[in-house]
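[1] model this:
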Amino acid sequence: MAHISVSNLEYAHPGGTTLFAEVSFSIPPGTHAALIGDNGVGKTTLLRILAGELPSADGDATVGGEVRYMAQDVGVGYDDLDTGAEPQSNRSAGWTTVREMLLDCSSEPVRSVGRRLVAAERRAADNPADSEAAMAMAQAIGEWSDCGGYQTEAHWDATLTRVVRAGLDTVGDRLTTELSGGERKQIVLDLLFNSDAKVLLLDEPDNYLDVPAKRWLETTVRSSPKTVLMISHDRELLATATNRVVTLEAFGAWVHGESYATYPAARRARQRRLGDALQRWKDEERRLFRHYKIMKQRASISADMAARANAAESRWQRFVDAGPPPPPAPEQKVTMRLRGGDSGRRVVSLLSAELPDLLFPFSAEVYFGERLGLIGPNGSGKTHLLRLLAAESVDHDGVVKLGARVRPGLFTQINDNPAFLGRTAIEPVMERTGNYERSMQALGRYGLSANERQPYETLSGGQKARLEILCLELDGHNLLLLDEPTDNLDIDSAQALESALETFEGTVVAVSHDRAFLSTFDRFWMLGHDGLAWALPDWDTGLTAVLNPDRVEAIKLAKSLTDELA
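    Okay, here's the model as predicted:
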């Protein structure tokens with residue numbers, strides 16, 4: 001049976017600190033469940049336990065049927081940062097090829113035999129005169145054939161052709177870093193949903209996917225007979241694709257038996273019920289306690305009351321020993337105070353700005369206080385344009401000018417800020433406040449006070465994102481350039497960011513595929529693979545455009561920026 005069952009599960013870090021405990025829930029066959037919870041609560045750890053990659057400290061975790069796990073950073077080499085280095089120069093330094101990524105998505109023994117084949121091929125290529133290497137490769141090829149490897153390659157070829165429009169012979173030996181993050185995710189997801197696995201464990205499968213790809217993922221999950229447990233922070237995806245929500249807490253888990261569409265209201269009602277039940281328990285405990293004390297006083301006057309007094313005390317003690325009902329789950333409170341500041345009315349001016357091989361020359365302006373969303377398919381140049389506005393070194397032609405008193409601050413999509421590496425969470429904050437108490441207060445507002453001395457590298461993706469936003473806040477930028485800011489934020493933190501941007505005194509330009517986040521913006525620029533840029537007046541028009549890019553010219557009110565060169 002393709003089910004998932006977790007009973008009293010506990011996990012402790014190697015140092016002994018408990019991450020979560022007393023976690024119990026079950027997911028019936030064919031259920032599509034979301035796993036949500038605060039950043040750093042242990043969602044990824046739980047998936048890795050279910051996948052057999054990590055041992056639990058206590059309790060049981062069982063999965064019925066063949067299971068496949070997709071990691072959040074699937075297909076990423078150990079040093080997958082935007083360094084500008086030629087990928088080929090890192091082939092021997094631990095980077096992953098597309099073929100190796102595909103093997104990781106396969107079942108045993110295909111995975112283990114395929115890894116031996118890859119190693120044998122490399123050894124034979126490096127030592128062409130080595131007869132032992134040639135023999136080892138011949139043996140590996142035979143094992144590959146026997147385990148159905150060539151049939152598996154046919155499936156890989158079909159998937160690659162669908163996603164990147166090139167087959168295995170063309171793409172297989174390339175480094176995964178030569179593919180976009182969205183392409184890597186789509187390739188793996190296509191393989192997993194078309195595999196024989198009965199249970200899929202997906203860690204943030206929607207990260208890096210553009211809006212059409214997210215729509216494809218929603219449809220694929222919803223129509224799949226497989227049992228799916230996935231981590232995601234995309235509210236639209238969760239509401240559309242899931243029919244059960246598991247909330248992981250530090251102690252325990254709560255299951256909502258419907259989609260995320262009804263989850264917020266159900267959670268508020270549960271919190272009220274738990275609070276009411278706990279209060280009723282406290283009231284009853286006080287009543288029983290007072291009653292037994294009164295009976296004890298009466299027994300001190302009359303021996304006839306002794307038996308009744310003892311019975312009252314026993315009743316109170318049994319009640320206390322049984323314990324109170326669980327209290328409401330502690331709610332993470334993230335308060336972002338993006339104050340910003342005044343600047344000139346014209347914040348950004350672009351005159352015949354061009355990104356070679358990405359965007360044709362276009363002219364446009366951004367004004368103070370606007371919330372501008374950059375939308376369009378992956379690979380259309382959105383991140384490059386954002387980095388250009390941040391005054392980073394980006395190859396371009398034309399004029400890009402910031403207005404008077406504009407102080408830009410960039411939030412990067414890959415939350416591995418080089419300035420934070422090798423430091424604890426509080427250190428970059430202390431640099432900006434110069435005061436320990438103020439730094440701790442700031443960390444507390446972002447739900448990071450418990451991570452004060454934790455090395456930056458060990459923070460979760462969401463915690464890193466919150467720390468970076470906090471530093472943007474403390475730096476006082478009045479032009480925020482945000483590249484997929486909600487990708488790693490838990491839902492509460494994403495909503496806190498949305499609230500902070502509402503009152504932010506400044507201008508925001510953001511790249512995002514998060515539909516709930518984008519719906520809070522004023523207007524949009526759509527960048528296409530054809531090199532054209534379009535101005536779109538609202539999110540309804542923007543959503544229509546990204547879902548029907550071939551119809552942009554026919555969308556009412558859409559205006560080509562590329563044709564209006566100054």
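[2] What is the burial count for the residue nearest to Gly167 when sequence neighbours are not counted?
    For Gly167, ignoring the flanking residues on the chain, the nearest one in space by C-beta to C-beta, 6 or more residues apart in numbering is Asp157 at 4.8 Å. Quick note: C-beta positions are derived from backbone N, CA and C, even for glycine. In terms of burial, Asp157 registers 17 neighbours under the definition other C-beta atoms under 10 Å.
[3] same question, the one 10 residues further on
    A count of neighbours around Gly167, defined by other C-beta under 10 Å, yields 15.
[4] Pretty sure Thr170 is one of the things the residue nearest to Gly167 touches, is it not?
    No. Counting by C-beta atoms under 8 Å, Asp157 stays clear of Thr170, with 9.6 Å between them.
[5] Next, the contact list for Trp156, please.
    Contacts were defined as C-beta atoms under 8 Å, 6 or more residues apart in numbering; by that measure Trp156 touches 102, 168, 172, 191.
[6] from what I can see the last one touches Thr159, true?
    This means Leu191. Yes. Between Leu191 and Thr159 a contact is recorded at 5.4 Å, counting by C-beta under 8 Å.
[7] thinking again about what came up before, buried ones in the helix or strand containing the residue nearest to Gly167, by neighbour count?
    Following DSSP states H and E, the helix or strand that holds Asp157 is helix 149-164. Residues of helix 149-164 classed as buried by neighbour count (16 or more other C-beta atoms under 10 Å): 149, 152-153, 155-157, 159-160, 163-164.
[8] what's whichever helix or strand comes after that helix in contact with?
    The helix or strand immediately downstream of helix 149-164 is helix 168-171, counting by DSSP H and E. By C-beta under 8 Å, 6+ apart, the surrounding residues in contact with helix 168-171 are 98-99, 153, 156-157, 160, 164, 179.
[9] Repeat the analysis, applying 10 Å as the threshold.
    Residues lying outside helix 168-171 but in contact with it, judged by C-beta atoms under 10 Å, 6 or more residues apart in numbering, are 97-99, 102, 153-161, 163-165, 178-179, 183, 187.
[10] Now do it, average pLDDT.
    Averaging pLDDT along helix 168-171 gives 92.
[11] ok, then the element right after that helix?
    Once helix 168-171 ends, the next helix or strand along the chain (criterion: DSSP H and E) is helix 181-193.
[12] Please, which helix or strand holds the nearest residue to Pro29 once chain neighbours are set aside?
    Closest residue to Pro29 apart from its sequence neighbours, by C-beta to C-beta, 6+ apart: Ala2 at 4.5 Å. With elements taken from DSSP H and E, nothing contains Ala2; it lies in neither a helix nor a strand.
[13] for the stretch 1-150 of the chain, which spans come out with low pLDDT?
    Counting by pLDDT under 70, the stretch 1-150 of the chain has low-confidence residues at 75-95.
[14] Please apply the same query to the stretch 201-350 of the chain.
    The stretch 201-350 of the chain contains residues with pLDDT under 70 at 330, 332.
[15] Which parts of it are helices?
    With DSSP state H, counting those that start in this stretch as the criterion, the stretch 201-350 of the chain has helices at 211-223, 235-241, 263-301, 306-322.
[16] so what secondary structure elements neighbour the second one?
    I take that to be helix 235-241. Helices and strands touching helix 235-241, by 3 or more C-beta pairs under 10 Å, 6 or more residues apart in numbering; DSSP states H and E, are strand 32-36, helix 211-223, strand 227-231, helix 263-301, helix 491-503, helix 515-518.
[17] send the alpha carbons of it over as PDB?
    C-alpha atoms of helix 235-241 as PDB (Å, rounded to 0.1, in the frame of the first residue of the first chain):
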ATOM      1  CA  ARG A 235      -0.200  29.300  -1.500                       C
ATOM      2  CA  GLU A 236      -1.800  29.000  -5.000                       C
ATOM      3  CA  LEU A 237      -0.100  25.600  -5.600                       C
ATOM      4  CA  LEU A 238      -1.000  24.300  -2.200                       C
ATOM      5  CA  ALA A 239      -4.700  25.300  -2.600                       C
ATOM      6  CA  THR A 240      -5.000  23.800  -6.000                       C
ATOM      7  CA  ALA A 241      -2.900  20.600  -5.900                       C
END
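[18] residue contacts, Leu489?
    39, 233, 334, 415, 461-463, 465-466, 469, 495-497, 514, 517.
[19] Out of those residues, the closest to Arg371 would be?
    Nearest to Arg371 among the contacts of Leu489, counting by C-beta to C-beta, is Phe517 at 10.5 Å.
[20] which stretches of the stretch 351-500 of the chain form strands?
    Residue ranges of the strands in the stretch 351-500 of the chain, as given by DSSP state E, counting those that start in this stretch, are 359-367, 371-375, 397-402, 408-411, 479-483.
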